[in-house]
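A.B. asks: turn this into a model:
(2 chains)
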Protein chains: 2
Amino acid sequence: MSEFRKDPLTGSWVIIASGRAKRPRQFGALKHSSQAEPCPFCAGNETMTPPEVWAKRQNQSGDNGPSWTVRVVPNKYPALAAESEARDSSEQFYQSRRGLGAHEVIIESPKHDVSLARVSASQFVAIVQAYRTRMRALSQDPRWRYALLYKNQGDRAGATLQHIHSQLIALAAAPKAALKELRGARLYYQTTGRCAYCEIIEREVEKRERIIFEHENFVVLCPFAPRFAYETWILPKTHSADFAASAEPGLSDFARALHETITRLDRALGDPPFNYLIHSMPMDEATRHYYHWQLKILPQLSRAAGFEWGTGAHINAVAPEEAARLLRDALL
Amino acid sequence: MSEFRKDPLTGSWVIIASGRAKRPRQFGALKHSSQAEPCPFCAGNETMTPPEVWAKRQNQSGDNGPSWTVRVVPNKYPALAAESEARDSSEQFYQSRRGLGAHEVIIESPKHDVSLARVSASQFVAIVQAYRTRMRALSQDPRWRYALLYKNQGDRAGATLQHIHSQLIALAAAPKAALKELRGARLYYQTTGRCAYCEIIEREVEKRERIIFEHENFVVLCPFAPRFAYETWILPKTHSADFAASAEPGLSDFARALHETITRLDRALGDPPFNYLIHSMPMDEATRHYYHWQLKILPQLSRAAGFEWGTGAHINAVAPEEAARLLRDALL
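C.D. replies: Predicted coordinates for the structure are as follows:
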């Protein structure tokens, strides 16, 4: 049902996904009562979702049974689908394409009333294992050239269900935001022979004014030019372009860094609404030298408004140096 | 206090405006009670704002007195300021610039509890006169190269004060979103000798599936590739690049088209939160041939979330053909 359409002036693509209007509470506010209606993500309600594509289970109960800790299912209301009866349009002025892609949901707890900041350290490990496993699976599917893992937490960050979950989308081409970042990284690499993110890490670790904390293998910082107040990035210290290729012990270290970052945001800002996303290399080997994967947390404390939509530039009322100071002190 | 900072990877600029954290209810929800505290935009409270730069008055009461219908004042918490003690940084990797610009507020009614959909036809004329007059004034200031008029209506669209108002910002250079649109328009003009917006109008008027209504001089439609559900554009039918140059009777016609569009959105969607913006030519005569001013209404019924921030592409659950049908029938 989905269709990509290209704006004839800006060249930007949008996804017209009419099927998603059937989603629960489309255009309404997120309900916070756990009693209102059965939650499709709760253990015991597995039949309310499409059959799982991956799950972590404590014991040997069968697929789609209840004893899981993390479960991955296709999105019931996908923005994109792997098959489509539609055809690409041949119109020149108004260009459209079939909305091909994969869209999965990672259910991050079997329990309904758990917030991410209250999840255990071992559960964080299981969550990032799910991210890595499914990103790797989609990376190996020849139909897809790019995968994006993202989380919408809280009504103001676009969540439509309260039960903690993330989403994974795979696309047949890298999207605009990724291309822009890749172009900048490639240019920097061509000019200097260095990865721009390695350069950022080196500068930030030396100056320290935007560092929140460091572990042995990860650094967590507020970037120099953040779009959002308290925007926070988690970066592997050693050059690494492909999150899907993460192995132990790096993956557990990442889980620990993510856990601590979420805890700090919760303590400093009181369960803020946020999006996070994992930007990893597209399925294009040439990018391996100059791209560097990262998780970006984008708190949604104010809203993009007329200025942002009209100019493409964001106004951020909190300097990153000030944000880093607050998050640094959050566990004191 | 404001500073432009450039992301070293994407090249995108952000505005770090630390002074704006002092705004009323920063990071809080919009209060809807008119009794909570005195509103700086209400008639009688003129001393709560900086002195006005323009006002429409019924009688000959003096400046900054109460008997106005529309009043324009500098923003008390500007994202940008015309003067700055800071200097542009000379750093190469982390580039920053002084946050120079103008930031004004157009107060669109002397009364607090008026919604835009309830404003009279003559008040709409006064409002768009204010837009035109101030955009013209800023266009003639040699410090600025671009002006953007925008409105944030409703909490979900980023409004921090309920009293109806719009904002006008002037910048020393055209921002990213404008440059992208201008580039597309220039390319189309160079290739075909035509204005791309005139082409859009011709195609849409012929096909009619995305037209909401037409007046003699304006056409109102849902665009082919809308970022937002129910996104609506108002375009002058005759080629015209510069909103600030609008004269009568065109300006009154525009007020009438805007009034009807707002009424239709209110009837169809029940006082929806929205942003609108006037995209007009930058202060660059060469763009006059290929740019075409327009007002874009961007309803904020769902939220940009992880997918949008991560990819730069928007998911829209309502096809524009369906949106136009609903808005066409809204006054039946």
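A.B. asks: from now on I want contacts and neighbour counts done on CA atoms only, so please keep to that.
C.D. replies: Fine.
A.B. asks: mind listing the helices for the stretch 201-332 of chain A?
C.D. replies: For the stretch 201-332 of chain A, applying DSSP state H, counting those that start in this stretch gives helices covering A:250-269, A:306-311, A:320-328.
A.B. asks: in CSV: the ones you listed, plus mean pLDDT, distance to chain B and mean neighbour count.
C.D. replies: Shown next, in CSV, are those (pLDDT from 0 to 100; distance: least, C-alpha to the nearest C-alpha, whole Å; neighbours: other C-alpha atoms under 10 Å in any protein chain shown):
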stretch, mean pLDDT, distance to chain B, mean neighbour count
helix A:250-269, 97, 11, 20
helix A:306-311, 95, 5, 20
helix A:320-328, 97, 9, 21
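A.B. asks: switch those helices over to CSV; also include distance to A:G101.
C.D. replies: As requested, the helices of the stretch 201-332 of chain A are exported to CSV (distance: least, C-alpha to C-alpha, whole Å):
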stretch, distance to A:G101
helix A:250-269, 26
helix A:306-311, 26
helix A:320-328, 35
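A.B. asks: okay, buried residues for stretch A:94-113 please.
C.D. replies: Within stretch A:94-113, the residues scored as buried using 16 or more other C-alpha atoms under 10 Å in any protein chain shown are A:95-112.
A.B. asks: list the contacts of the lowest-mean-pLDDT helix or strand in chain A.
C.D. replies: Least confident element among the helices and strands of chain A, by mean pLDDT, DSSP states H and E: strand A:96-98 (a mean of 90). The contact list for strand A:96-98 (C-alpha atoms under 8 Å, 6 or more residues apart in numbering or on different chains) reads A:S2, A:E3, A:F4, A:R5, A:K6, A:S84, A:A86, A:R87, A:D88, A:S89.
A.B. asks: just the buried members of those residues?
C.D. replies: Listed as buried from the contacts of strand A:96-98 are A:S2, A:E3, A:F4, A:R5, A:K6; burial here means 16+ other C-alpha under 10 Å.
A.B. asks: so chain A: which segments form each domain?
C.D. replies: In terms of domains, chain A is parsed into A:3-173, A:177-331 (source: automatic domain parsing).
A.B. asks: and the shortest one, how far from the chain's centre?
C.D. replies: By that I understand domain A:177-331. Computed by C-alpha atoms, centre = their mean, to the nearest Å, the chain-centroid distance of domain A:177-331 equals 12 Å.
A.B. asks: what does stretch A:142-161 give?
C.D. replies: Distance of stretch A:142-161 from its chain centroid, counting by C-alpha atoms, centre = their mean, is 5 Å.
A.B. asks: and it, end to end?
C.D. replies: 31 Å (C-alpha to C-alpha, to the nearest Å).
A.B. asks: same question, stretch A:292-306
C.D. replies: In stretch A:292-306, first residue to last residue: 32 Å (C-alpha to C-alpha).
A.B. asks: what pLDDT, on average, does stretch A:68-79 get?
C.D. replies: Averaging pLDDT along stretch A:68-79 yields 92.
A.B. asks: A:K56: what secondary structure?
C.D. replies: The three-state label for A:K56, taken from DSSP: H, G, I helix; E, B strand; the rest coil, comes out as strand.
A.B. asks: my guess is it contacts A:P66, does it?
C.D. replies: No: counting by C-alpha atoms under 8 Å, A:P66 is not a contact partner of A:K56; they are 10.9 Å apart.
A.B. asks: still on that earlier bit, which ones among the buried residues of stretch A:94-113 lie within helices?
C.D. replies: Among the buried residues of stretch A:94-113, no member falls in helices (criterion: DSSP state H).
A.B. asks: can you put the buried ones among the contacts of strand A:96-98 in TSV and add distance to chain B, pLDDT and secondary structure?
C.D. replies: Shown next, in TSV, are those (distance: C-alpha to the nearest C-alpha, whole Å; pLDDT from 0 to 100; DSSP: H, G, I helix; E, B strand; the rest coil):
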residue	distance to chain B	pLDDT	secondary structure
A:S2	9	88	coil
A:E3	10	92	strand
A:F4	8	94	strand
A:R5	5	95	strand
A:K6	6	95	strand
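A.B. asks: now these in JSON lines, with distance to A:F213?
C.D. replies: Below are those laid out as JSON lines (distance: C-alpha to C-alpha, whole Å):
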{"residue": "A:S2", "distance to A:F213": "42"}
{"residue": "A:E3", "distance to A:F213": "43"}
{"residue": "A:F4", "distance to A:F213": "41"}
{"residue": "A:R5", "distance to A:F213": "42"}
{"residue": "A:K6", "distance to A:F213": "42"}
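A.B. asks: closest to A:V70 out of those?
C.D. replies: A:S2 (28.2 Å; C-alpha to C-alpha).
A.B. asks: let me see the contact set for the closest one.
C.D. replies: By C-alpha under 8 Å, 6+ apart, the contact list for A:S2 reads A:I15, A:I16, A:A17, A:S18, A:G19, A:A79, A:L80, A:A81, A:R98, A:G99, A:L100.
A.B. asks: weed out the non-buried ones from the residues you listed.
C.D. replies: Using 16+ other C-alpha under 10 Å, the buried ones in the contacts of A:S2 are A:I15, A:I16, A:A17, A:S18, A:A79, A:L80, A:A81, A:R98, A:G99, A:L100.
A.B. asks: sorry, back to before: where among the domains of chain A is average confidence lowest?
C.D. replies: Confidence, taken as mean pLDDT, is least for domain A:3-173 of the domains of chain A (a mean of 88).
A.B. asks: how many neighbours does the nearest residue to A:K180 once chain neighbours are set aside have?
C.D. replies: Among residues not flanking A:K180 along the chain, B:T10 sits closest, at 5.5 Å (C-alpha to C-alpha, 6 or more residues apart in numbering or on different chains). Around B:T10 there are 16 other residues, counting by other C-alpha atoms under 10 Å in any protein chain shown.
A.B. asks: kindly report the same for A:Y291.
C.D. replies: A:Y291: 27 neighbours (other C-alpha under 10 Å).
A.B. asks: isn't it up against A:L182?
C.D. replies: Yes: applying C-alpha under 8 Å as the test, A:Y291 and A:L182 come out as touching, 6.8 Å apart.
A.B. asks: what's the closest non-adjacent residue to A:E231?
C.D. replies: The shortest distance from A:E231 to any non-neighbouring residue, by C-alpha to C-alpha, 6+ apart, is to A:L298 (4.9 Å).
A.B. asks: mind listing what the one you found touches?
C.D. replies: Shown in contact with A:L298 (C-alpha under 8 Å, 6+ apart): A:F228, A:A229, A:Y230, A:E231, A:T232, A:F274, A:N275, A:Y276.
A.B. asks: repeat the analysis, applying 7 Å as the threshold.
C.D. replies: A:L298 is in contact with A:F228, A:E231, A:T232, A:F274, A:N275, A:Y276, counting by C-alpha atoms under 7 Å, 6 or more residues apart in numbering or on different chains.
A.B. asks: any idea which of these is the one closest to chain B?
C.D. replies: A:N275 (5.2 Å; C-alpha to the nearest C-alpha).
A.B. asks: any idea what that closest one is bridged to?
C.D. replies: Assessed by DSSP bridges, A:N275 has beta-bridge partners A:N152, A:L298.
A.B. asks: and it, what does it touch?
C.D. replies: A:Y150, A:K151, A:N152, A:Q153, A:A157, A:I297, A:L298, A:P299, B:A305, B:G306.
A.B. asks: show me what from the stretch 151-300 of chain A comes close to chain B.
C.D. replies: A:151-152, A:157-158, A:175-178, A:180-181, A:184-185, A:225-227, A:275-277 (C-alpha under 7 Å from any C-alpha of the partner chain).
A.B. asks: now with 8 Å?
C.D. replies: Contact residues (C-alpha under 8 Å from any C-alpha of the partner chain) of the stretch 151-300 of chain A with chain B: A:151-152, A:156-159, A:175-178, A:180-185, A:196, A:224-227, A:275-277, A:279.
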